[in-house]
Structures are given as structure tokens and as C-alpha cells.
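In: Structure, please.
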Amino acid sequence: MKAISCFAILCASLAWSQTTPPPSAPAPDPNTVVATFPEDGSKLTLGDFQALIPLLSETYQPVAQRDPDKFYRLLALFKHAAAAADKEKLTELPPYKQGLDFAILEAKARFYVQQLQLSITISDDELAKYYEEHKEPFRRIKVSGIKVAFGAPEGEAAASTANASRVPKKILTEEEAKAKAEKIVADIRGGADFGKLVQTESDDETSKAKGGDLGVWKMTDNVPDVLRKAVMGLDQGQVSEPIKQPGCYYIVHADAVTYAPLSEIKDILFDQLKREKAGNLLKELYDGVKVEIPKGDQAPAPSEPKK
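Out: Residues are numbered from 1 along each chain as shown. You can find the predicted model right below:
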């Protein structure tokens, strides 16, 4: 597979924001000359330059895209050096002839692979089937939770005087909080009403006021990994084991499980499926090649590079 990855050409699809250009800004004329090369008298038009960019190797394509002027200078340098090489007939001599032959082979192979990728088509039915098979990462779970705190809450000592008239809540140790959380989980799995337990047992006043509602969670949400893993592993109606967090244990309940609709993630899945198809094409291409390589004593020893 390493050889395949080296051979693969990834066609980048750039999404441009389409806006209506003002009348004073007509589309650039592809026949506009963007560079002239006095040494050989040739000219490069905008149309030829734009057609060349997708065919460039990964070394030069970023240069052409980000800094066209720099690329034009590189092209002038290549023209100058190539003319000097032709004058000395370097490409007719080894090892330069072999190097040129290889460069031509590599370029032809890249063009062929790129054309294979451009020929990939994906029907609506294929995309719909792919969605059903790959929608799991796009789960959305409506979550409710119960928080069982342990240790003294921050600022409790400072607030103790002001709240002297109120009945203080028993402060649990970590072991007591864990035991309480485990009993709540057992009660819920035994049929107890989760919503009622939120009101009587949760120490999260914010979510408690909303019936324990913690919102709709997605795989990409910025939440602690241990919480995300616990939530995303639940089926609808299931409750998690107690999850330790700083100063508390959380019990989460999957109220409802849905998935992002295909219309919302269509572009993501389209690109993903296209990459998979391209990978399969490249694998078929690689698996189809034949080469005979001498083994053992028959293999010639590599020559030392000339110094």
C-alpha cells in the first residue's frame, strides 16, 4: 500500500464562493499573455497557465497557485536550463537519457491516474447507500444527565455565614458519591423514572432546571473524551455507568438518537466515497502490474554512487 500511496495523485477540489461580478469586472480573457520568454520567443497565456496547473506535480502546483510570478520565473529557468542541456545533447547520454525516460514515464502515469480519478461518477443511489453504511460518525444524541458531586464546592466556606439559615447539603466523599451514582444507575435500569431522579438527586442546578437536559451531542463536540465516548456508545433509552469528572460523577441518559440528514452531509460523504473509489482504482492498477525481480544470488549488487 505504501507504493500505492506514493503513486496516487490526490485531486484537490476547491470550492469557490459564487458571487455575481460587477459589470466593471468581466471574466479574464484566457488569451491574455501572462508571461513572455525572450530567450526562445515563446509566450504563456492565462488559459494555458490555468490548464497547466492541475497537471503539475505536488512540488510545483502549490507555487503556481500561490505565487504565479514565481512560477513564471521557474518556468523561464527551466526553459533556459533545458535549452543548455539540448545544446550539449545531455539527454542523449547516460544516465541523463534514462532519467529523462523515467521523468516522461512518471508524467504519463500521473496524467493517466488523474484522468481515472476525473472519470469517477457517483449516482444518487450509491450515495444514499453509502450514507446508510457510514452514518454512524454523524450520530446525534439528545442527552440528559445527573450529577453527583463530592468534596466541598468552591466558595462554600466563604458562603457558609451568609447561608447559615439554610439547611446545608451533606457533602459526600468521592467513595460515597460513586456508591450513590452506582445505586442511581441500578435504580434507573430497574425501571425508576430518570426525570424524577434528576429532580431529587442531581447536583447540577442548571441542567436540573431543564429536566437534566444537556443538549444534543455530536461526535465532533468539544467535550471530555471520556464523556463523549460514554454518550456516543449509548443506544436510545440507555443509561451510562457513572463517569468520573473533576469533583463529581455523571450519569448520562440517551433520550433520543438521530443522525445528520444526508442533505446536510452530502458533500462530505461524496468526497469520502470519491476518495475510496480512487483508492480502489489505484489498488487495481497497482495489483495489475507485473515485474520479475531476481532473488538471492541472481540479484545484481547496487552500484556505488559516483563521487
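In: Show me the helices in this structure, by range?
Out: Taking DSSP state H, the helices of the chain run over residues 2-7, 46-52, 61-66, 68-87, 96-118, 124-134, 156-159, 174-189, 194-201, 205-208, 225-232, 262-287.
In: Quick check: which of these is nearest to A254?
Out: Closest to A254 of the helices of the chain, according to C-beta to C-beta: helix 225-232, at 7.1 Å. Every C-beta, even on glycine, is put in place using the N, C-alpha and C of the backbone.
In: pLDDT averaged over the closest one - what is it?
Out: Summarised as a single mean, pLDDT over helix 225-232 is 91.
In: mind saving the C-alpha coords of it as PDB?
Out: These are the backbone C-alpha positions of helix 225-232, laid out as PDB (Å, rounded to 0.1, in the frame of the first residue of the first chain):
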ATOM      1  CA  ASP A 225     -13.200  12.300  25.600                       C
ATOM      2  CA  VAL A 226     -14.500  10.000  28.400                       C
ATOM      3  CA  LEU A 227     -17.900  11.700  28.300                       C
ATOM      4  CA  ARG A 228     -18.100  11.700  24.500                       C
ATOM      5  CA  LYS A 229     -17.200   8.000  24.400                       C
ATOM      6  CA  ALA A 230     -19.800   7.100  27.000                       C
ATOM      7  CA  VAL A 231     -22.500   9.100  25.300                       C
ATOM      8  CA  MET A 232     -21.800   8.000  21.800                       C
END
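In: Quick check: E176 touching F150?
Out: Yes. In this structure, E176 is within contact of F150 by C-beta atoms under 8 Å, at 6.8 Å.
In: where in this structure is pLDDT low?
Out: Scanning the chain for pLDDT under 70 picks out the ranges 1-25, 152-169, 297-307.
In: same thing but at 50, please
Out: Where the chain drops to pLDDT under 50, the residues are 1-22, 154-167.
In: Buried residues of stretch 71-91, list them for me.
Out: Buried residues in stretch 71-91, counted by 16 or more other C-beta atoms under 10 Å: F71, Y72, L75, A76.
In: Just give me the closest of those residues to K283.
Out: Nearest to K283 among the buried residues of stretch 71-91, with distances taken as C-beta to C-beta, is F71, at 33.0 Å.
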